[in-house]
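Engineer: here are the coordinates; sequence isn't available:
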Ligand SMILES: [Fe+2]
Ligand SMILES: [Fe+2]
């Protein structure tokens, strides 16, 4: 079974955002599949890459929100900022052997991603889509 399912319910219907989500979901799913054989060094490396992907992705969403004056911008951005901070702290702890890499971190990523998608990204995606069709 796939760890994070990807189907039409996962889509926010803005192509650029969906593609970025899919890329990150793929990374997490691959990590999940290789969890028992992967080295800590490789996990750290992958997480650093994922952190950069996330920053770029959040920047993309925030750019859309600013462009179209999305009313929920501030609270949505706060969630992004908080997640980046927590994830960056986790990576440092992992590098320093203060925490272990296990399924818990993948589960928290999955939970955060799923909740954030349902409660924030989909709403924002609908708004962007409407604005883009007005401009077309
Ligand atoms: Fe978001
Ligand atoms: Fe997102």
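Structural biologist: Perfect, thanks for sending it. Since this is a predicted model, take the numbers as computed values, not measurements. Ligands and ions are numbered 1, 2, ... in the order given.
Engineer: C-alpha from now on. contacts and neighbour counts both.
Structural biologist: OK.
Engineer: how much space between residue 121 and residue 133?
Structural biologist: Between residue 121 and residue 133 the distance is 18 Å, computed by CA to CA, to the nearest Å.
Engineer: Among those two, which residue is more densely surrounded?
Structural biologist: A side-by-side neighbour count of residue 121 and residue 133, using other CA atoms under 10 Å, places residue 121 first with 21 against 8.
Engineer: Can you find which helix in the protein contains the most residues?
Structural biologist: As far as residue count goes, and with DSSP state H defining each element, the longest helix of the chain is helix 40-67.
Engineer: Who are the packing partners of that one?
Structural biologist: Under the contact definition 3 or more CA pairs under 8 Å, 6 or more residues apart in numbering; DSSP states H and E, helix 40-67 sits against helix 15-34, helix 73-95, helix 122-135.
Engineer: quick check: angle from the longest one to helix 122-135?
Structural biologist: Going by axes from the mean of the first three to the mean of the last three CA atoms, to 10 degrees, helix 73-95 is angled at 130 degrees with respect to helix 122-135.
Engineer: roughly how far out does helix 73-95 sit from the chain middle?
Structural biologist: In this view, helix 73-95 has its centroid 10 Å away from the chain centroid, taken as CA atoms, centre = their mean, to the nearest Å.
Engineer: Check stretch 47-58 too.
Structural biologist: Remark: stretch 47-58 is offset 8 Å from the chain centroid, using CA atoms, centre = their mean.
Engineer: I'd like to know the average pLDDT value across it.
Structural biologist: This predicted structure assigns stretch 47-58 an average pLDDT of 98.
Engineer: Enumerate the positions of that stretch that are buried.
Structural biologist: When burial is assessed from 16 or more other CA atoms under 10 Å, stretch 47-58 yields the following buried residues: 47, 48, 50, 51, 53, 54, 57, 58.
Engineer: Can you name the residues that contact the fifth one?
Structural biologist: If you count contacts by CA atoms under 8 Å, 6 or more residues apart in numbering, residue 53 has them with residue 24.
Engineer: Likewise for the third one?
Structural biologist: Contact partners of residue 50, counting by CA under 8 Å, 6+ apart, are 24, 27.
Engineer: Kindly report the same for the second one.
Structural biologist: With contacts defined as CA under 8 Å, 6+ apart, residue 48 is in contact with residue 91.
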